[in-house]
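Enquirer: The sequence isn't on hand, but the structure is:
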C-alpha cells in the first residue's frame, strides 16, 4: 500500500485492484497528480514489496513497472436519453464544469452499483439510500473528473475503489490488540519487522487509534516477507512476549533495532522489558506454538493476496490512497458512519 507522495516516485503509477486478491497498476493523469500532491496520507506512505520472479531479491525493493490492466467490472449499456438519471443526491458536483457534469451522469448511469446490485450507480443513489458505497464511488468519480482525469482514467480506478470498499472477513481473535478490545472499529495491520515502512507507520497507526477514545482498536498480524531473513524470527520473539502480555513493548524494541535481529539481540531486548520472565520468554521463543501463530497470521495475509507491507484494513476494508488520500482517520470515520 502506498501514499500519494510515492505516486510521483514510481513514475506516475497507482495501484489498481480489480477484485479481491489481484493487484496491478495503471497510468495516472498528470492533472490528477497535481491535485493529489496537496494531499497528505496518514497511513502506509510506501510499502515493502517482494520482487517479481525476474527481479533480484533486494530488501526493501519496490516493484514500479506499470502493468496493463483490463477492467473486471462490466459496464451497463447507456440508457436512452429520456431515461438518463440526472440527479445524484448527496454528491458534491460544485467543482464540475457543465461538460464534466454531463460526463459524470453518463458514467454513473453506466457503472454498476457498488453494493452488488443489478442496477446502475445512478439508480442506487436514487433508490438505495443504505448503499453508502455507491455514494462514495459516485463522489470519487466526481472528484476525479474535477481534477482533470479522463473517463478512462477514472474507470480504471473504480475497480480498486469498489474492491477496497468490499469488506473481508479477517480473523483477529487471540491476536495482539492495542486499545479498547470492544471498539466498534477494528484496524488490522499486516506488518514485517524488517520492513522500514512498517517501522515508520507503526506509531502513526497507534496515534490515529488513540484519537478515537475507545471507538477504534488496532490489531497486529504478522506478515514476514521471505526476502527479509530475520523477519519471521523477530515475529516469533514478539509472539513469545505476547504470551506474557508484553507484545507492544517487544514490538517497539524490535522496530527500534530492526537491523539487529539475531537471536542474541532479541534476547537482549526481551531482557529489557520490565516484568517479563526471560526464562519463559526463551522457551516460548523456540516453541512450535509461537511459530504456528506467526504462520497462521501469514496464511491469512496470503489469502488476501497482500502484495506488500504494511497492509492496513479498517473493519475488513483495505485502505487505499485512492480514497481520502489514504487517511486512516477518514477510513475510521467512514466505518463509524456505517
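Expert: Everything's here; your move. The structure presented is a predicted model; accordingly, all values stated were derived computationally and were not measured. Numbering: from 1, shown residues only.
Enquirer: Okay, now stretch 301-310: how far is its last residue from its first?
Expert: Counting by Cα to Cα, to the nearest Å, you get 11 Å between the two ends of stretch 301-310.
Enquirer: Give me the distance from it to the chain's centre.
Expert: Taking the mean of its C-alpha atoms, stretch 301-310 sits 10 Å from the chain's own mean (Cα atoms, centre = their mean, to the nearest Å).
Enquirer: Stretch 185-201 too?
Expert: Averaging C-alpha positions (Cα atoms, centre = their mean) puts stretch 185-201 11 Å from its chain's average.
Enquirer: what do you get for stretch 98-118?
Expert: With Cα atoms, centre = their mean as the basis, the mean position of stretch 98-118 lies at 25 Å from the chain mean.
Enquirer: Next: stretch 237-247.
Expert: Relative to its parent chain, stretch 237-247 has a centroid offset of 26 Å by Cα atoms, centre = their mean.
Enquirer: Buried residues, it. List them.
Expert: Of the residues in stretch 237-247, 237, 238, 239, 240, 241, 242, 243, 244, 246, 247 count as buried by neighbour count, 16 or more other Cβ atoms under 10 Å. Any C-beta I mention is one placed from the backbone N, CA and C, and that applies to glycine too.
Enquirer: Quick check: the farthest pair among the residues you listed?
Expert: Between all members of the buried residues of stretch 237-247, the longest pairwise span (Cβ to Cβ) is found for 237 and 244 and amounts to 12.1 Å.
Enquirer: Name the residues contacting each of those two.
Expert: Both residue 237 and residue 244 lack any common contacting residue under the criterion Cβ atoms under 8 Å, 6 or more residues apart in numbering.
Enquirer: Where does the prediction get shaky in the stretch 51-200 of the chain?
Expert: Across the stretch 51-200 of the chain, the ranges flagged by pLDDT under 70 are 51-69.
Enquirer: so which strand or helix has residue 188?
Expert: Under the assignment given by DSSP states H and E, the secondary-structure element containing residue 188 is strand 185-191.
Enquirer: which secondary structure elements does that strand contact?
Expert: For strand 185-191, the helices and strands in contact under the criterion 3 or more Cβ pairs under 8 Å, 6 or more residues apart in numbering; DSSP states H and E are helix 196-210, strand 216-222, helix 288-303, strand 311-314, helix 328-337.
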